[in-house]
Structures are given as C-alpha cells and as structure tokens.
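K.L.:
A predicted structure for the sequence below; I have some questions about it.
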Amino acid sequence: MKVGIIGAGSVGSATAFSLITTGVAHKVVLIDMNEKKAQAEAMDIAHAAPFASAGKINAGNYEDLAGCSVIIVTAGANQKPGETRIDLLGRNVAIFKGIIPQIAKYAPNSILLITANPADIMTEVAIKLSGFPRERVIGSGTVLDTARFRTLLAFYLGVSTKSVHADVLGEHGDSEVLVWSSAEAGTLSLEEYAAGVNKTLDADKKAEITDGVINAAYQIIEGKGATFYGIAGALTHICRAINNNEFAILTVSSHHDEVEGVKNVCLSLPTVINRHGVYHVITPRLSEKEHSLLKESAIKMKEYSDQAINMI
C-alpha cells in the first residue's frame, strides 16, 4: 500500500512512523511546505524502518502522489491551548484550497483521509474541492474518541481495551456523543459488568469518564502542545482496514444525506470500511437522550459546514 501524507508536523510524522513500522504501508510519501522538515522526518523514519519492516519513506511533492491508495491530509493550522477545533475553520479552509486540487490532479483515484481540524467540516470541504465521490473522502472522525472512551472504561473496569465495545458518534469535538446505552463488556451492559466486579458506574462516574473523553485533547495540548500518537494510531487503523479490505466497522466521518433530520452533513456514525472507502453506514441503536444529543451535534456541524462551503 502506498500512502501519501500531506503535512510533516507532529501528526503527519507520527503517522508516517506508525504506517512504516507496523508494515501497513510499503511506501510513504511525505509532503510539506517546509521541504527540509519533510526530508529530515523521512530520513529519520527510514532509519527506524529496518528494525520493523521493509517499508520505504521519502519526502516528495504532489506529483509523487501518483499511485497512492490513500492520501492523509494532516496539514493545517495548529490548535492552540484554549482554542476549539471550530476556531481553526477559516484558516484551514484557506489551506485546503491550495492542497486538495493538487491531490485530485495527481492522484484522482485515491481515497482522501482527512484529519486536519475541525475534521468533520474539513471532510465536507475536501469533498467539494476534490470532486471525488463522497465514499472516497473520509474523515478520521471519532475513531480516536472511541479509543479514548474504551480506554477509560477498560482501565476503570480492569479489562483489556479490546474487550470493551463502546462508540463515540457525531462531531470529533465538543458536541460528540458517548453512546452509553449500548456499550458492552463481555456481552454484558457496562453497568452489569461493573456490578460483577464491585465497581460503581453511576451518573457521577459516567460524567467523569465523559469529561475525560471530550477534554482529552485539551489536556494533552496543555501539557505538551499537541496530540499526535493517538491520532497516528487511529489513522493507521483506518488505513489497515482499507488495505486489507476488512469491511471493518469504524466510527469515521463521512457525508450523510440525513442524520436525525439534519440533511447533508458530515459526522461520525458506525461505518463499514473496505478498499473502496465507505461501503455501508449503520444506523445505531440509541437512547432518546442520545438521539437528541446526536441531533444537536448534527445541527452544529451543518451550521459550520455551510459557513465553510461559503468560504471556498
């Protein structure tokens, strides 16, 4: 699998390292406006490759994207401490206007994987700018948020993160929806499992975990300036599902005709992913409150998406 990465910052470089060392990509092309930075990152990662796989990585330009199966767009303005993802909107639309048409020109058959924030809105922008079929433009969505949710639950319940089944839907951001109603561990509801191991999973504990998921990025940014390992893992996971034609169910962001009565909006729902991108979107089972929260998230994303499209 050949993967192009636009942006050699913390996220792009960590993702390139992950793709190469896991063997998900046999070749990675790293592109950045700062060519010396891209070259240095590619060289450093190339020196780690022999310890893990036979993958190759090099810095390049847009012409080198020819033949890429997936192109990951991480380039964009950085989220500053205290700044929401929505605050980034105007700056990143301008950046995408210079990037996406170049990708469409040199890699017209690729799948676009968007992770620049605000990810859901920038996914909609990428669809408009590329002219690609919408099933081939995917946002990283709440794949990382879902991992954060499962991690906090697993740590609290004392089980493997892979044994907890719980999703985060909607916006990759402040209005995201943690789906507690259908979350499970060992075929039991979380409340049933918690009771069996003498753990309390009451409203206060759920509120604490919810806060931990939603505000994880802000805590990490405050502490070290950026988040990148978690999203690199999420992007690698998505690329693996595409490369292996897994038909995996992931909470990626994509364009939907309607979500909770809101038409033409990008946000995250459980989605079957194969080598062609989005194969099928699943209508999740939600509680009445979760339906309401998802609608609020969709309304918010629609409002900002319309603003972003008008900036193009």
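P.N.:
Now that the structure is in, tell me what you want to look at.
K.L.:
partner residues bridging residue 277?
P.N.:
On the basis of DSSP bridges, residue 277 takes part in beta bridges with residue 274.
K.L.:
Which residue of the chain lies farthest from its centroid?
P.N.:
Ranked by distance from the centre of the chain (Cα atoms, centre = their mean), the top residue is residue 198, with 34.4 Å.
K.L.:
Now name the helix or strand holding residue 58.
P.N.:
Following DSSP states H and E, one finds residue 58 within strand 56-59.
K.L.:
I meant to write residue 280 there.
P.N.:
Counting by DSSP H and E, the element that carries residue 280 is strand 277-281.
K.L.:
buried sites along that strand?
P.N.:
Neighbour counts over strand 277-281 (16 or more other Cβ atoms under 10 Å) mark 277-278, 281 as buried. C-beta here means a position set from N, CA and C on the backbone, and glycine is covered the same way.
K.L.:
then stretch 151-171 to CSV, C-alphas only?
P.N.:
Extracted C-alpha coordinates of stretch 151-171, given in CSV (Å, rounded to 0.1, in the frame of the first residue of the first chain):
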residue,chain,number,x,y,z
THR,A,151,-9.5,3.1,27.2
LEU,A,152,-11.0,4.9,30.1
LEU,A,153,-13.7,2.3,30.5
ALA,A,154,-11.3,-0.6,30.3
PHE,A,155,-8.9,1.0,32.9
TYR,A,156,-11.8,1.5,35.3
LEU,A,157,-13.3,-1.9,34.8
GLY,A,158,-10.0,-3.8,34.8
VAL,A,159,-10.3,-5.4,31.4
SER,A,160,-8.5,-5.2,28.0
THR,A,161,-9.4,-2.2,25.9
LYS,A,162,-10.1,-4.7,23.1
SER,A,163,-12.8,-6.3,25.3
VAL,A,164,-14.9,-3.1,25.6
HIS,A,165,-17.4,-2.2,22.9
ALA,A,166,-18.5,1.4,23.1
ASP,A,167,-18.6,4.1,20.5
VAL,A,168,-18.5,7.9,20.3
LEU,A,169,-20.6,9.4,17.5
GLY,A,170,-21.2,12.9,16.0
GLU,A,171,-18.6,15.6,15.9
